[in-house]
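> Take this sequence and fold it.
(chains A and B)
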Amino acid sequence: MRLKEKIDLIKEELNSEIKPLDSNKLLADAHIEPVISSKPKYKFFSLRFQTVFLTILVLAIIIPFALSNIIKKTSEDMDQPDATASLDDKVYSFIATSAVALTYSTIDIFADDNSLTNSESSFLVANKLNDLNRYLAPIQLMLSMNKNNYYPQISNNDKYANKIVYEGFGLLNEELYYDIYYNEERLPFNKIEIEALIIHGDVSTKLFGVVETINNNVILKMTHYIDENNESNYFQIIKNLNDNKDSYYYMIVKEDQVISNNKLTLFENEQPYAILENLLLQTQKTKFTIYSEDNTTFNIEYQIEAPSNEYNSEHSEGMVVEESGNIKVNVQEDTSSFVVYSNNSSKTFTYSKPIK
Amino acid sequence: MANYEDYIEAIKQKDDQAFEYIYNSTKNSVYAIIVAIVKDKDIANDLMQDTYMTMIEKINQYKRGRNFKTWLLTIARNKAIDYYRKKQNEVLIDISESEYILPKTQATSERNILVEEILNLLTDIERQVFLLSIMENLTHREISKILKIPIGTSLWHYQKAIKKIKKVKGSDEHET
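Okay, here's the model as predicted:
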C-alpha cells in the first residue's frame, strides 16, 4: 500500500468514527458567558499599582528620550525603540516576587549544601530535578499571578522613595507578605538603575536592577548578590521588555561560573501552564511543561532532547528525544516528592522544600 | 483561512445554521487532535462535544480577527490533555505495579486494525502533528501555534511520522 493510500485510509477511518452531534441540544444547553474584563479581580489595586509604578517607569524612560530628541533631532534618534511599548505591570510584580523566592531556593547552592542531591536513577531526568525543585516557588507565583495582590504604598523607609506590598500564597498555601522598597536612578542613554530592598518577616533581601537598550531591545536585569562584597556569587532575572511573551530568564552564578540557566514562560490558556527550559547545556535540552493542580501539587510533562548522532537533512533541529514522561510533584512541610513516570516505570525522588 | 467571523457573531445569538457550518468545517481536525491524545474514539467523541460546548459558552472570549480554528483546536487540545492527565493520575497505581498502559483496543475491521497499527507506531506528538496535518491540511505554522512548538519541530515530527508510516506494510502485504 502506498503512502497516499495509507493517509486516505486513516482519514476515512477517523472521519467515520465521528458521531453526529445534536446541535439543537448543544445550543440549548450552552450558557454563553457574558463579555468580561480580562483584568483580575483585584482591579483597584492593580490599577493603583499600574498607575503609580508604570508612571514612574514610563516617565523615567520617556523623558530622557524626549529630551534627547529635542536637543538633537536626528533620524538616528527616531529609530530608537520605544521602551514603553511593551511595558507590563505584571513584569515588575513577578520579577520582584520570584527574586525573593529564589533567595530561598538557592540557599543550598551558595551554602555548599549537597543534601538535596538525590539523583541515583536510570532516569535521565533525575539529574534535572534539583534544578526544577528550586524553581517551584517562582513557577507557582507565575501560575497564580492573577490570584495574588500587589499594591503601592507610601514608603516608610527613609532610604527608599517607593514601596510595594505583595500579598499572596506560598507553596504550602501559607500566606505570604512582602514589603518591597525601591529607588530608581535615571542615567544617560535611557538607562535606569534600580535598587530594591525586600522585607519578608525578619529577613531582608537586596536586589540591584538595570534597564538598558541592547540591540534595540529594552532589557531589564535584576540581580541579587549573595554577598554584596563578592560579585562572583549571584542570581539574575532577565526580561526582554519588548517581548510580548511572559518569558523570564534565570541565571545562577557561583564563583563566576553559570551553574543554572533557565527560561520560564507563562502560557495563559484555558488552564494556565508554564514551561521551564534548561538553557545551560548546548548538548542537551530539557523542557518541563508545568500545570498547577493546586498550590502544593504540580503535574509536569517533560522531554529531554540530545543532538542526533546521524546527519539527517530532514532533521530540522538535529535533536532527538532521549527521554520523556510525566512528573507529579507534591510539596509537603519539609520535603517535596517528585514521582517520575517514564517508559512504563516510575520512581519517587525526595527533595528538601525549596522555600524557607 | 476560512472566514468564520459572521458565523461567530450568529453563534452568539445561538443560530443553529451558523453552528452547523462551523461544526462541519472544523469537526475533522477537532476530532483528530483529541483522538491523537486520548486514543479512544468514544472518549474522543465525548470530548468533542465538550469542546463545542465550551466554544459556544466562551465565544465572547474569541477576539475578532484572530485565527478561529487555532483557538478552537487549542480548546480541543486542552480538553484532551486535561482528560489524559486525569486518566494518568487514575492509573498511576497500576504503573507502580509495573503494568503497561496501552491504548484501548477498539479495532473492529481489518482496515481499522491497520489504522490503529499505524497510529500506535507514532509518538504522541508525532500523532498530533501528523493528524492535524492530514485531516484538514493545516500548515505547520498553524500546527505549531496549536501545539505550542516551533515550526521546525512540527515539520520534523511530521517527517518522522511519514517515515514510520511508509515502513508499515498494507493489509494486502500482510496476507502474502
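> Name the nearest residue to the residue in the stretch 101-250 of chain A that chain B sits nearest to, ignoring sequence neighbours.
Residue nearest to chain B within the stretch 101-250 of chain A: residue A:245 (11.2 Å; C-beta to the nearest C-beta). Heads up, the C-betas are built off the backbone N, CA and C, glycines and all. Excluding the flanking residues, the one nearest residue A:245 by C-beta to C-beta, 6 or more residues apart in numbering or on different chains is residue A:265, at 5.9 Å.
> Look up which residues are beta-bridged to that neighbour.
Judged by DSSP bridges, the bridge partners of residue A:265 are residue A:247, residue A:275.
> what's the burial count for it?
Neighbourhood size, residue A:265 [other C-beta atoms under 10 Å in any protein chain shown]: 17.
> next one: phi and psi at the residue of the stretch 101-250 of chain A closest to chain B?
Dihedral angles of residue A:245 (phi, psi; degrees, to the nearest 10) stand at phi -70, psi 150.
> how much space is there between it and residue A:251?
From residue A:245 across to residue A:251, the span is 18 Å (C-beta to C-beta, to the nearest Å).
> which one of these two has more residues nearby?
Using other C-beta under 10 Å, the more surrounded residue of residue A:245 and residue A:251 is residue A:251, with 18 against 11.
> Strands of the stretch 51-200 of chain A, start to end?
Under the criterion DSSP state E, counting those that start in this stretch, the stretch 51-200 of chain A contains strands at A:149-154, A:162-169, A:175-187, A:191-200.
> Now mean neighbour count and distance to residue B:123 too, for these, in CSV please.
Listed next are the strands of the stretch 51-200 of chain A as CSV, based on neighbours: other C-beta atoms under 10 Å in any protein chain shown; distance: least, C-beta to C-beta, whole Å:
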stretch, mean neighbour count, distance to residue B:123
strand A:149-154, 17, 42
strand A:162-169, 18, 37
strand A:175-187, 16, 40
strand A:191-200, 18, 44
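> ranking these by mean pLDDT, which is last?
Mean pLDDT is lowest for strand A:149-154 among the strands of the stretch 51-200 of chain A, at a mean of 65.
> Run through chain B and note the low-pLDDT ranges.
B:1-2, B:85-108, B:148, B:170-176 (pLDDT under 70).
> which residue ends up closest to the midpoint of it in space?
Closest to where the C-alpha atoms of chain B average out (C-alpha atoms, centre = their mean) is residue B:33, at 0.7 Å.
> Cross-check the contact I'm expecting between that one and residue B:73.
Yes - here residue B:33 reaches residue B:73: they are 5.5 Å apart, a contact under C-beta atoms under 8 Å.
> which neighbours do the two share?
B:132, B:146 (C-beta atoms under 8 Å, 6 or more residues apart in numbering or on different chains).
> residues in contact with the spatially most central residue of chain A?
The centroid of chain A falls nearest to residue A:264 when counting by C-alpha atoms, centre = their mean (3.7 Å). Shown in contact with residue A:264 (C-beta under 8 Å, 6+ apart): A:135, A:138, A:139, A:142, A:247, A:248, A:249, A:250, A:274, A:275, A:276, A:277.
> now do residue A:173
Residue A:173 makes contact with A:294, A:295, A:296, according to C-beta under 8 Å, 6+ apart.
> And stretch A:333-347, end to end?
End-to-end span of stretch A:333-347 (C-alpha to C-alpha, to the nearest Å): 21 Å.
> was I right about residue A:223 contacting residue A:209?
Yes - the pair residue A:223 and residue A:209 passes the contact test of C-beta under 8 Å, sitting 7.1 Å apart.
> Would you map the helices across chain B?
B:5-11, B:16-38, B:41-57, B:68-96, B:110-121, B:124-136, B:140-147, B:151-167, B:171-175 (DSSP state H).
> okay if I get those helices as TSV plus distance to residue A:240?
Converted to TSV, the helices of chain B look like this (distance: least, C-beta to C-beta, whole Å):
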stretch	distance to residue A:240
helix B:5-11	33
helix B:16-38	31
helix B:41-57	33
helix B:68-96	24
helix B:110-121	40
helix B:124-136	28
helix B:140-147	21
helix B:151-167	21
helix B:171-175	54
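> May I see these arranged in a markdown table, with distance to chain A as well?
Compiled in a markdown table, the helices of chain B are given as follows (distance: least, C-beta to the nearest C-beta, whole Å):
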| stretch | distance to chain A |
| --- | --- |
| helix B:5-11 | 8 |
| helix B:16-38 | 5 |
| helix B:41-57 | 4 |
| helix B:68-96 | 5 |
| helix B:110-121 | 4 |
| helix B:124-136 | 5 |
| helix B:140-147 | 10 |
| helix B:151-167 | 4 |
| helix B:171-175 | 7 |
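> Out of the ones you listed, which one sits most buried?
Mean neighbours per residue, mean count of other C-beta atoms under 10 Å in any protein chain shown, is largest over the helices of chain B for helix B:124-136, with a mean of 23.
> In a markdown table, list the contacts of residue A:264 along with pLDDT and distance to residue A:156.
Shown next, in a markdown table, are these (pLDDT from 0 to 100; distance: C-beta to C-beta, whole Å):
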| residue | pLDDT | distance to residue A:156 |
| --- | --- | --- |
| A:135 | 90 | 32 |
| A:138 | 87 | 28 |
| A:139 | 89 | 32 |
| A:142 | 83 | 29 |
| A:247 | 90 | 34 |
| A:248 | 93 | 29 |
| A:249 | 94 | 33 |
| A:250 | 94 | 31 |
| A:274 | 93 | 34 |
| A:275 | 94 | 39 |
| A:276 | 94 | 36 |
| A:277 | 93 | 40 |
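> Need the buried ones from the residues you listed selected in PyMOL.
In PyMOL, this line selects whichever of the contacts of residue A:264 come out buried by 16 or more other C-beta atoms under 10 Å in any protein chain shown:
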select buried, chain A and resi 135+138+139+142+248+249+250+274+275+276+277
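> quick revisit: so which of the helices of chain B is nearest residue A:337?
Set against residue A:337 and scored by C-beta to C-beta, the helices of chain B come closest in helix B:68-96, at 12.6 Å.
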